[in-house]
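Colleague: how would this look folded up:
(2 chains)
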Number of protein chains: 2
Amino acid sequence: MTFHRLTLVALSLTAAMALPCQSADLDLSLNALPISSDTLWFGHTTPDTDTTVSAIAAAEFYGGQARSTGKLNKETQFVLDKLNVKTPPLARNLENAKVALVDFNQTTQLMKGVDQNNIQAVIDHHALRDNPISLSAPISIVIKPWGSAATIIADDALDHGKTISKTMAGLLLAGILSDTLNLKSVTTTQRDIELVKTLSAKANINADEFAQGMFKAKSDLSDVSAYDIVVGDYKNYTVNGQDIGFGVAEVLDSSELLGRVDELRNAMAKARKNQKREQIFFAIVDMQKKTAFVLTNSDKEAKTASKAYGVKQNNQGLFVLEDTLSRKRQMMPAIKKALAD
Amino acid sequence: MTFHRLTLVALSLTAAMALPCQSADLDLSLNALPISSDTLWFGHTTPDTDTTVSAIAAAEFYGGQARSTGKLNKETQFVLDKLNVKTPPLARNLENAKVALVDFNQTTQLMKGVDQNNIQAVIDHHALRDNPISLSAPISIVIKPWGSAATIIADDALDHGKTISKTMAGLLLAGILSDTLNLKSVTTTQRDIELVKTLSAKANINADEFAQGMFKAKSDLSDVSAYDIVVGDYKNYTVNGQDIGFGVAEVLDSSELLGRVDELRNAMAKARKNQKREQIFFAIVDMQKKTAFVLTNSDKEAKTASKAYGVKQNNQGLFVLEDTLSRKRQMMPAIKKALAD
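Modeller: All right, here's what the predicted structure looks like:
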């Protein structure tokens, strides 16, 4: 093992000296050490498309195996079905497992049972804050301020001249399209735009049509319970010592969910209790109208949202936020600021 | 500015498509966005050689300007003098400055006055733990488990085919040699060994002789006050809510400092007070004997050190640790464990 690694490093170095461009196989950029074959790559709890495809792609490019962290949502299932990719096995028995993380760095989003000292690597595009993983020794951590974790992995693979299969290009494309809402979210960067072009060409997929299919699949919530909608794309935060939750449902047409507001509010109360939260928020995000409708279900939550967004509740009791699509960049920062003041 | 960036990204992508190997100038690997020319690169408070040369090299390769975080120690001054490099200006007026960090990620080691939301990038080789920087938005963060921050910067520069001048190679070489104690520390990795070969060839410098010169300069503490020795290579930590300090003096021959133990103990008491610490430790590290002599100056500290190291104090009241050179990997982890139990 040590010999193997040594040889690889030496070869790579020789190659780098003679032809500075061919660092191909051993990815020194991302991984200081090769990832062992039994390392499990996975993303945050309540998996979404970016977290799922990034785990699969990371295992492909860096070694190890992909795992999922729960039942996939309809958008992710649509992507895997379309690309004929099997759902990664569920992550389990994590107590002694070597793990590597994609798409998050917060302990609040880490699968239960993981020993943080068994984390081998982190690839993420979120801010370092609140409750990041804490380790006793240094590991490889790469965080970049791009639209998705898939963008970082795709960039690194291209940067190191790796072979990206048609399927892999489709998966990475899906990750970027999902997290940037087809490059419409404020989190979108120039690198996301460029890589959507590159990857859609490699995958021979029309990005706009693919995105529409994904968002349509995600929008079909007719047979999904209100509770599953609230926790379907949901994250926990700790802000100034307060435990906060924020769920979002991104839909192409908000009218269906706006007809289920009472049901969703009851589901929020249940989620608040189950997740042991002081305050919980839920947003119906209309991707066509670029508008978010934020639901609250307590006076405390309504007060926080009112302070955060500076708008009054409409006649349905909703906070209507125009030009708002991103929980990470828009909706949560305002909540954090309101609670910090 | 936006146009400039866009052009650069587009050019780089075009180059990457046509010739996947030539990502040369715009370092997409490390920086998602180019660093602005007014960004100040610096390392941890109480600068050492790795922190200083890494700040200079990062400014060279990624843009921005290098700053120092205090008076340089004799080893670092020896390196700059030998390579004919000017001391970077002292970091000051940091309230509104854009900054980028090398060689640390802990807020306890951050220059005062910095707004953490003005941090643009982090390059480090330490564990993420205790009190990492906390940001409201994602930035570029690269952490790798290598022997020095200089190793990461040198690797990235080689990986992207950048031109490394003779002077720059010498600086980066010094960073690796200093932090790995000429590749003898347990923190040394295969990549450090390889890069010492590469960089010493590029710099046309004999690494062993250079290291001996550096360590001799560092060892010359005859005209340095005991207080300056204690805080000369010193770090603050927070362990289980307790404020801890740990200074080290790495010397080629420990006999001189072992003759100043009483004086050093008094200086520790002063440093404990000035740094507002509950416990403070200081180690004389004999690099030839690979032995650390840990000094304490309170019953509480002696109790902690005794528990941490499992050895009794010698007749000078010192904890003598054989095969021990590294504060990061050996001396501090044991203290942390003792305080956590």
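Colleague: what ranges do the helices span in chain A?
Modeller: Shown for chain A, the helices assigned by DSSP state H span residues A:2-18, A:49-62, A:74-83, A:149-159, A:166-180, A:190-203, A:207-219, A:226-232, A:255-258, A:261-274, A:299-309, A:332-340.
Colleague: Residue in the stretch 151-300 of chain A with the shortest distance to chain B?
Modeller: A:Gly161 (4.3 Å; C-beta to the nearest C-beta). Yep, even glycine has a C-beta here, placed from its N, CA and C like the rest.
Colleague: A:Asp50 and A:Ser148 touch, don't they?
Modeller: Yes - the pair formed by A:Asp50 and A:Ser148 meets the contact definition of C-beta atoms under 8 Å, at 4.7 Å.
Colleague: Which one's more surrounded, those two?
Modeller: More neighbours surround A:Ser148 than the other of A:Asp50 and A:Ser148, with 30 against 27 (other C-beta atoms under 10 Å in any protein chain shown).
Colleague: coming back round to it: what residues are shared contacts of A:Asp50 and A:Ser148?
Modeller: Common contact partners of A:Asp50 and A:Ser148 (C-beta atoms under 8 Å, 6 or more residues apart in numbering or on different chains): A:Asp103, A:Gly175, A:Ile176, A:Ser178, A:Asp179.
Colleague: Dihedrals phi and psi, the closest residue to the last one other than its chain neighbours?
Modeller: Computed as C-beta to C-beta, 6 or more residues apart in numbering or on different chains, the closest residue to A:Asp179 that is not its neighbour in sequence is A:Ser148, at 3.7 Å. The phi/psi pair for A:Ser148 (degrees, to the nearest 10) reads phi -150, psi 160.
Colleague: and A:Ser148, how far is that from chain B?
Modeller: In this view, A:Ser148 and chain B are 11 Å apart by C-beta to the nearest C-beta, to the nearest Å.
Colleague: Return the set of buried residues in stretch A:242-258.
Modeller: Buried positions in stretch A:242-258, judged by neighbour count with 16 or more other C-beta atoms under 10 Å in any protein chain shown: A:243-252, A:254, A:257-258.
Colleague: Burial check on the residue lying closest to A:Lys112 once chain neighbours are set aside, number of neighbours?
Modeller: Residue nearest to A:Lys112 in three dimensions, not counting chain neighbours: A:Leu94, with 7.6 Å by C-beta to C-beta, 6+ apart. Burial of A:Leu94 is recorded as 18 neighbouring residues (other C-beta under 10 Å).
Colleague: OK, contacts around the residue lying closest to A:Thr167 once chain neighbours are set aside?
Modeller: Of all residues not flanking A:Thr167 in the chain, A:Leu83 sits nearest, at 5.3 Å (C-beta to C-beta, 6+ apart). Going by C-beta under 8 Å, 6+ apart, A:Leu83 touches A:Thr167, A:Gly170, A:Leu171, A:Ala174.
Colleague: what about A:Glu263, neighbour count?
Modeller: 15.
Colleague: how far away is the residue lying closest to it once chain neighbours are set aside from A:Ala201?
Modeller: Nearest residue to A:Glu263, sequence neighbours excluded (C-beta to C-beta, 6+ apart): A:Ala226, at 4.1 Å. The gap separating A:Ala226 from A:Ala201 is 40 Å, by C-beta to C-beta, to the nearest Å.
Colleague: Just want to know which of those two has more residues nearby.
Modeller: For A:Ala226 and A:Ala201, the more surrounded residue by other C-beta under 10 Å is A:Ala226, and the numbers stand at 21 against 13.
Colleague: could you measure A:Ile244 against A:Met331, distance?
Modeller: In terms of C-beta to C-beta, A:Ile244 sits 11 Å off from A:Met331.
Colleague: Touching both of the two, which residues are there?
Modeller: Common neighbours of A:Ile244 and A:Met331 are listed as A:Phe281 (criterion: C-beta under 8 Å, 6+ apart).
Colleague: Just the CA coordinates for stretch A:322-339, please, in CSV.
Modeller: Extracted C-alpha coordinates of stretch A:322-339, given in CSV (Å, rounded to 0.1, in the frame of the first residue of the first chain):
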residue,chain,number,x,y,z
GLU,A,322,-39.8,38.4,-4.8
ASP,A,323,-36.6,37.6,-6.7
THR,A,324,-35.8,35.0,-4.1
LEU,A,325,-34.8,31.5,-4.9
SER,A,326,-31.9,30.6,-2.5
ARG,A,327,-32.2,29.4,1.0
LYS,A,328,-28.4,29.5,1.4
ARG,A,329,-27.8,32.9,0.0
GLN,A,330,-31.0,34.8,0.6
MET,A,331,-33.6,33.2,3.0
MET,A,332,-31.4,31.8,5.7
PRO,A,333,-28.9,34.7,6.0
ALA,A,334,-31.8,37.1,6.6
ILE,A,335,-33.1,34.8,9.4
LYS,A,336,-29.6,34.6,10.9
LYS,A,337,-29.2,38.3,10.8
ALA,A,338,-32.6,38.8,12.4
LEU,A,339,-31.8,36.4,15.2
